[in-house]
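In: Prediction below, plus the sequence it came from.
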There are 2 protein chains.
Amino acid sequence: MNAPILDNVLAQLRDALTANNFSSAAAIIEKLRPADQADLFTELDEDEQLALLVELPVADSADILEELDEDEAAELVESMPPEDAVRIMEEMEPDEIADLLGDLSAEHASQMLSRLEDPDEVRPLLLHPDDSAGGLMTSEFLALRRRTTASAAIRALRDWKPDRENIYYLFVVDAEQKLCGVVSLQDLVIAEPDTALTDIMDADVIAVQAGIDQEDAARVMTRYDLLALPVITDDGKLLGVITIDDVMDVLEDEASEDFQRLGGAEPLDRAYLNTNVLTITRKRIGWLLMLFLTATLTGSVMRLFQGELQAVVSLAIFIPLLIGTGGNAGSQTTATVIRALATDDIDLGDALRVWWHEARIGLLLGLGMAVIAYGRAITWESDPSLALTVAASIFGIVLWATGIGSVLPLLASKLGIDPTVVSGPVMSTLVDATGLFIYFSIARIMLGL
Amino acid sequence: MNAPILDNVLAQLRDALTANNFSSAAAIIEKLRPADQADLFTELDEDEQLALLVELPVADSADILEELDEDEAAELVESMPPEDAVRIMEEMEPDEIADLLGDLSAEHASQMLSRLEDPDEVRPLLLHPDDSAGGLMTSEFLALRRRTTASAAIRALRDWKPDRENIYYLFVVDAEQKLCGVVSLQDLVIAEPDTALTDIMDADVIAVQAGIDQEDAARVMTRYDLLALPVITDDGKLLGVITIDDVMDVLEDEASEDFQRLGGAEPLDRAYLNTNVLTITRKRIGWLLMLFLTATLTGSVMRLFQGELQAVVSLAIFIPLLIGTGGNAGSQTTATVIRALATDDIDLGDALRVWWHEARIGLLLGLGMAVIAYGRAITWESDPSLALTVAASIFGIVLWATGIGSVLPLLASKLGIDPTVVSGPVMSTLVDATGLFIYFSIARIMLGL
């Protein structure tokens, strides 16, 4: 929905709300799709939001809560009369209820859970960490037995009436609830009515255990083009199903987090403009401080060479140029390597190949930049030995930065640290200090200081 | 598939190939899923790859070609006898054939197209740019009329036998092929057999025109949780359908491109280790050079203040620290703003709000960093006026960098430039030069130079 339309609808909605005309407000909301409803909703004040959630038909309120950012939804639920909150939650999908409960205070969560009509549908989902496959799955799925016929399966589907709108697979389990096959809706539809599921199912099911990381589950689904991924226990019992819509959100959030970390900021949990200035400052200052402290290394290196600097003040002129180029060459490398790791193009076993790849690239880039830097230095300072110093330094710095840039993400990954955290700005700062050391050492030799 | 298993299967496959035992090679390949087949395949030499593609059952060869990186697939097809290439392409999905033809030389492409059994299925797809919705869609879909009954639709589905494995929606069109509704497979299955499609279809279909950017189409699908998105002409005729598996690849590629651009490198078209050193160097050197040239600005600023530098050489010691902190504060901001733009959290109309948000954050961050910097400077140089200069400078630089960092991505976006291209390293370089100017200007006043 584009901005002018949104503003127009928003004005209509506000009119309805000030007139306390909730049926007209409901009519305006129901015309929109959930994602648009949520957009519209976040434009309202908190009082308006609460009034609307309580007064709208529960199905609409449930849709809105599901689409909102998790923190916003939790805040609203905590400010709502408990009986209204429960009434709305009853309409939500079990995995969404579990997520919401996880964001409430412990006291609120247990109160809500005890008031739910069927808490046992939700309780098992609460056992799994939020960022695991178990935390992402829903307990709403249809599991049938091998001998069930296609027509019986279709009847079961008809009787089931899930909250979830789109179901694409049925699962086949044995007497112990162990997963033994999957049937796509398409195969079910085209099968003869009296075919047994065992004859149309795919017995080679891809499934994951509940404890694995949600991002790994998402990668399995994209790699094998799956719309639903069954989650099983250690001994193969079917626990739940992860659906494609939840996975797309995981992938998008993951890309956002990586991106923000590469920029040297802790990822935000909620929409940017809804995150207040103090929270963002807190998320950033830690990094800035840490980088500042490591950057004092560069100051120490310079103090070490203060004599040289005093003797040839022109040396200082090239400092930003040299460390800037080193930082850029390094961050080009880390960005490529981190992304190749994330998309499984490379793994830790490829470390040596990656380093050798980057070493040759660094050699070429370093040579190219050295020639340019020599030209620039000679026209600025017209001292051939200084120009040669700058050219040799930039060659060394670029070669060193690409090397560090290729090794650092792999090392982090090996140590179980998110490579985006230690790369980016951290690497630039590291390259700054070592780059200066290279520069002044070369200067000391070449200029005979 | 993990590395040891892959190596083991690879050894078996190589044995079968050296023995020219292609039926055993086929048996090994057929046990794997397409994504794993492609992984295995890329480990082979080109001769082995060509032999295998020609000798395997065509359906397997088609699966492998579809899963490979586009450039690799095109190279293989160009080195293959044309009759074998056509035989394999006949088994591929129309949108995949169109993509492949687009990557072949013009001569090869027209030769292949003329040899295809049903070139008219592919030809219309070639008319659309590769990165548009039209370039992403397939022409394989099932379109029925309003009065068709559910049971007749199921019969039509049964007779259709698409190459594509997973179909989730049927489309309803009028006599002029104009799209008027969509029926999910789930609703079709649950419906009474003699219900007309018009009674179970959703008439409020989300569709896009063929010319829009593929990333915009992908965003529509993720926003509204769609598994298939119809593509229509200007006057509403159904042209094709974009499916979720293609969209996930688009989103993943897009995230990779953004990430690499933020690191200051042109995105690679193919897997990292398969891209040769010269190509990667070429993609990076342009950026490094451009950044080097803008970085010479910092040199010019320093030459401008050479007198001050000569008078107080200790000023130089803080240069890397100050410009480093400025660059980091700026890249934290750009990363957050770019990502918020990409996920539609903010749009261009929010520019002022974003700037005001960042201005306050910059104020807080700048104050915090100034206090720390004062402490560090006073212990290093024990000159209060120099320490005060450093503290005041870091405050100014951080405030300035967050401001620039918030405005630059929005400005780029406004001008139709990808914000990741002008941000990241470009911004750091810009902040370097202006940061030095702020520093030396403050020094001139505070130290009375």
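Out: Thanks, I have the structure now.
In: who's in contact with residue A:203?
Out: Taking Cβ atoms under 8 Å, 6 or more residues apart in numbering or on different chains as the criterion, residue A:203 is in contact with A:180-181. Every C-beta, even on glycine, is put in place using the N, C-alpha and C of the backbone.
In: Phi and psi next, for it.
Out: Torsion angles at residue A:203 (phi, psi; degrees, to the nearest 10) stand at phi -80, psi -10.
In: gap between it and residue A:245?
Out: 27 Å (Cβ to Cβ, to the nearest Å).
In: which residues in chain A form strands?
Out: A:143-144, A:169-173, A:179-184, A:208-209, A:228-232, A:238-243 (DSSP state E).
In: Could I get those strands in TSV, plus columns for mean neighbour count?
Out: Converted to TSV, these look like this (neighbours: other Cβ atoms under 10 Å in any protein chain shown):
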stretch	mean neighbour count
strand A:143-144	16
strand A:169-173	23
strand A:179-184	20
strand A:208-209	18
strand A:228-232	23
strand A:238-243	24
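In: Present the ones you listed as JSON lines; the columns should include mean pLDDT.
Out: Rendered in JSON lines, the data for the strands of chain A read as follows (pLDDT from 0 to 100):
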{"stretch": "strand A:143-144", "mean pLDDT": "93"}
{"stretch": "strand A:169-173", "mean pLDDT": "93"}
{"stretch": "strand A:179-184", "mean pLDDT": "93"}
{"stretch": "strand A:208-209", "mean pLDDT": "94"}
{"stretch": "strand A:228-232", "mean pLDDT": "93"}
{"stretch": "strand A:238-243", "mean pLDDT": "92"}
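In: Which one of the ones you listed lies nearest to chain B?
Out: Between chain B and these, the shortest gap by Cβ to the nearest Cβ is with strand A:179-184, which sits at 6.3 Å.
In: which other helices and strands contact the closest one?
Out: strand A:169-173, helix A:197-200, strand A:228-232 (3 or more Cβ pairs under 8 Å, 6 or more residues apart in numbering or on different chains; DSSP states H and E).
In: who does the last one pair up with?
Out: Looking back up the chat, that one is strand A:228-232. Pairing partners of strand A:228-232, with direction, according to DSSP bridges: strand A:208-209 (parallel), strand A:238-243 (antiparallel).
In: Identify the residues contacting that strand?
Out: A:133-134, A:137, A:141, A:168-169, A:171, A:179, A:182, A:205-210, A:217, A:220-221, A:238-244, A:247.
In: hang on, the earlier thing: turn the helices and strands packed on strand A:179-184 into JSON lines, columns for distance to residue A:268.
Out: Shown next, in JSON lines, are the helices and strands packed on strand A:179-184 (distance: least, Cβ to Cβ, whole Å):
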{"stretch": "strand A:169-173", "distance to residue A:268": "35"}
{"stretch": "helix A:197-200", "distance to residue A:268": "46"}
{"stretch": "strand A:228-232", "distance to residue A:268": "28"}
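In: Quick one: closest of these to residue B:367.
Out: strand A:228-232 (48.2 Å; Cβ to Cβ).
In: circling back: JSON lines for the strands paired with strand A:228-232, including distance to residue B:258?
Out: Formatted as JSON lines, the strands paired with strand A:228-232 follow (distance: least, Cβ to Cβ, whole Å):
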{"stretch": "strand A:208-209", "distance to residue B:258": "28"}
{"stretch": "strand A:238-243", "distance to residue B:258": "26"}
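In: Quick one, which of the ones you listed gets closest to residue A:303.
Out: strand A:208-209 (54.2 Å).
In: so who does the residue positioned nearest the centre of chain A touch?
Out: For chain A, residue A:254 is the residue whose C-alpha lies nearest the centre (Cα atoms, centre = their mean; 1.3 Å). Residue A:254 makes contacts with A:215, A:218, as judged by Cβ under 8 Å, 6+ apart.
In: Least confident secondary structure element in chain A?
Out: When each helix and strand of chain A is scored by mean pLDDT, DSSP states H and E, helix A:419-422 comes last, with a mean of 74.
In: Are that helix and chain B in contact anywhere?
Out: No. Helix A:419-422 is not in contact with chain B by Cβ under 8 Å from any Cβ of the partner chain; minimum separation 8.9 Å.
In: Using CSV, write out every CA atom in that helix.
Out: Output of helix A:419-422 as CSV, limited to C-alpha atoms (Å, rounded to 0.1, in the frame of the first residue of the first chain):
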residue,chain,number,x,y,z
PRO,A,419,31.8,-13.8,11.6
THR,A,420,30.0,-10.5,11.0
VAL,A,421,30.7,-9.5,14.6
VAL,A,422,34.5,-9.7,14.4
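In: Which secondary structure elements does it sit against?
Out: helix A:244-262, helix A:319-342, helix A:384-414.
In: neighbouring contacts of that helix?
Out: With Cβ under 8 Å, 6+ apart, helix A:419-422 has contacts from A:257-258, A:261-262, A:334, A:337-338, A:341, A:408-410, A:412-413.
In: farthest-separated two in these?
Out: A:257 and A:410 (19.5 Å).
In: Neighbour count for these two, which is higher?
Out: Each of residue A:257 and residue A:410 has its neighbours counted (other Cβ atoms under 10 Å in any protein chain shown); residue A:410 has more, 22 against 18.
In: Tell me how many other residues crowd the residue nearest to the more buried one when sequence neighbours are not counted.
Out: Nearest non-adjacent residue to residue A:410, counting by Cβ to Cβ, 6 or more residues apart in numbering or on different chains: residue A:351, 4.9 Å away. By the criterion of other Cβ under 10 Å, residue A:351 has 17 neighbours.
In: Now the spatially closest residue to residue A:219 that is not a sequence neighbour: phi and psi?
Out: Nearest residue to residue A:219 in three dimensions, chain neighbours excluded: residue A:344, at 7.0 Å (Cβ to Cβ, 6+ apart). Backbone torsions of residue A:344, given as degrees, to the nearest 10, read phi 60, psi 20.
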